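Colleague: Based on what follows, work out the 3D shape:
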Amino acid sequence: MLTYSNTPVQTLQHPLFDEHNLQVLIKREDLNHPFVSGNKWWKLNYNLEEAKKLGYTTLLTFGGAHSNHIYATAAAAKEVGLKAIGIIRGDELSVQNNATLRFAHEQGMDLHFVSREDYRKRNEQNFTNTLINKFGKAYIIPEGGTNNLAVQGVALFSAKLHQEIDFDYLCCAVGTGGTLAGLIKGLPHKKLLGFSSLKGNFMEAEVKKVLQSDATNWTINSDYHFGGYGKYNQVLLDFINKAEKDFNIPLEQVYTGKMFFGVLDLISRNFFPEKSKILLLHTGGMQGKIQG
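Modeller: This next block holds a predicted model:
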């Protein structure tokens with residue numbers, strides 16, 4: 001349903017990789033769509049098909065002020081001719097002072113701001129019923145877009161990766177865990193390493209909940225969150241600025257920049273066996289980039 005551009009796989013060159021006898025590649029899914037980029041395409045496309053099939057004319061979803069998911073859902077809904085409603089965390093926010101929300105509004109998304117206390121109830125049935133009573137019939141997509149259809153979409157993408165690219169390890173950023181769960185489903189015989197953008201060691205349990213399998217070919221590293229979701233410091237920004245020059249690849253500080261930092265640090269610590277082929281997945285989200 002959504003337009004999709006085929007994306008390149010690039011071989012990355014760096015003295016560190018030569019020193020440790022590693023081949024490092026990157027799949028540039030940040031280039032698959034101008035607005036619904038990276039993993040958001042794979043998570044949203046099949047939900048859009050399902051919404052249309054079931055006769056819905058409106059999507060309803062949730063997110064924060066800088067949410068890639070809100071940004072992408074607004075653009076996706078416009079492209080396929082659906083209305084969109086965004087329930088936004090933080091009733092002190094406004095469209096005028098936030099670029100992500102302004103873009104979503106310009107795409108036609110109807111934004112409704114709720115208190116952070118009310119937002120925490122977003123997965124409760126009573127709160128869902130209140131939204132349906134207020135806005136009418138709508139196809140509901142959870143925060144971050146992670147549901148069974150999203151996981152299936154990513155699994156299809158990862159199976160395609162397996163057919164096209166030879167690699168031993170796949171590394172990706174982790175937010176809600178849906179993308180990693182889909183990758184695990186589609187790549188049962190590869191080693192997968194997720195880099196959590198959130199502070200804490202709870203993401204493995206979240207992925208297991210979504211995955212509903214006993215797969216053991218994956219781990220999540222929680223050492224490179226830089227303070228938590230959306231948090232960063234000058235060390236990370238300086239790294240991103242240098243990495244962009246070294247590799248000529250755009251990075252942002254929320255997801256892929258942290259994953260890049262983690263991969264290079266692990267390489268320097270001899271984490272990957274010699275002669276390994278490591279594939280990095282660029283999951284997009286460049287709308288959230290700040291200039292360091």
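Colleague: how about the helices in the stretch 101-250 of the chain?
Modeller: 116-119, 125-135, 148-164, 178-186, 203-211, 234-247 (DSSP state H, counting those that start in this stretch).
Colleague: can I get these in CSV with mean pLDDT?
Modeller: Below are the helices of the stretch 101-250 of the chain laid out as CSV (pLDDT from 0 to 100):
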stretch, mean pLDDT
helix 116-119, 94
helix 125-135, 92
helix 148-164, 93
helix 178-186, 95
helix 203-211, 88
helix 234-247, 97
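Colleague: Tell me how many other residues crowd D118.
Modeller: For D118, the neighbour count with other C-beta atoms under 10 Å is 14. (Each C-beta comes from the backbone N, C-alpha and C, glycine too.)
Colleague: Revised request: answer the last question for T11.
Modeller: 9.
Colleague: For it, grab phi and psi.
Modeller: Phi and psi for T11, reported as degrees, to the nearest 10, are phi -90, psi 130.
Colleague: Was I right to think it contacts V24?
Modeller: Yes. Look at T11 against V24 with C-beta atoms under 8 Å: they come within range, at 7.4 Å.
Colleague: what's the most centrally placed residue in the chain in contact with, if anything?
Modeller: In the chain, the residue lying closest to the centroid (C-alpha atoms, centre = their mean) is N39, at 5.1 Å. Residues near N39 by C-beta atoms under 8 Å, 6 or more residues apart in numbering: E29, V154, C172, T179, L281, T283, G284.
Colleague: how near is the first one to G178?
Modeller: According to C-beta to C-beta, to the nearest Å, E29 and G178 sit 15 Å apart.
Colleague: which one of the two has more residues nearby?
Modeller: G178 (27 against 23).
Colleague: In contact with the more buried one, which residues?
Modeller: K43, G144, G145, T146, N147, A150, V151, V154, V210.
Colleague: and the helices of the stretch 101-250 of the chain as a markdown table, adding distance to H225?
Modeller: Compiled in a markdown table, those are given as follows (distance: least, C-beta to C-beta, whole Å):
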| stretch | distance to H225 |
| --- | --- |
| helix 116-119 | 21 |
| helix 125-135 | 28 |
| helix 148-164 | 22 |
| helix 178-186 | 15 |
| helix 203-211 | 10 |
| helix 234-247 | 10 |
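Colleague: Buried deepest among those, which one?
Modeller: Stretch with highest mean neighbour count among the helices of the stretch 101-250 of the chain: helix 178-186 (a mean of 27; mean count of other C-beta atoms under 10 Å).
Colleague: Can you give the distance of that helix from its chain's centre?
Modeller: Remark: helix 178-186 is offset 12 Å from the chain centroid, using C-alpha atoms, centre = their mean, to the nearest Å.
Colleague: Equivalent analysis for stretch 10-27, please.
Modeller: With C-alpha atoms, centre = their mean, you get 24 Å for stretch 10-27.
Colleague: what's the span of it from first residue to last?
Modeller: 7 Å (C-alpha to C-alpha, to the nearest Å).
Colleague: contacts for that stretch?
Modeller: By C-beta under 8 Å, 6+ apart, stretch 10-27 touches 7, 9, 28, 161, 165, 167, 246-247, 249, 263-264, 267-268, 270, 272, 274-282.
Colleague: Mind checking which of these land in helices?
Modeller: Among the contacts of stretch 10-27, DSSP state H puts L161, D246, F247, V263, L264, I267, S268 in helices.
Colleague: Just give me the closest of these to G55.
Modeller: L161 (33.4 Å; C-beta to C-beta).
Colleague: Kindly provide the distance from the residue lying closest to that closest one once chain neighbours are set aside to K190.
Modeller: Once flanking residues are discounted, L161 sits nearest to K27: 6.7 Å by C-beta to C-beta, 6 or more residues apart in numbering. According to C-beta to C-beta, K27 stands 13 Å off from K190.
Colleague: what's the answer for K289, then?
Modeller: 29 Å.
Colleague: So which of the helices of the stretch 101-250 of the chain is nearest T3?
Modeller: The closest of the helices of the stretch 101-250 of the chain to T3 is helix 148-164. By C-beta to C-beta, the value is 15.2 Å.
Colleague: Fine by me, thanks again.
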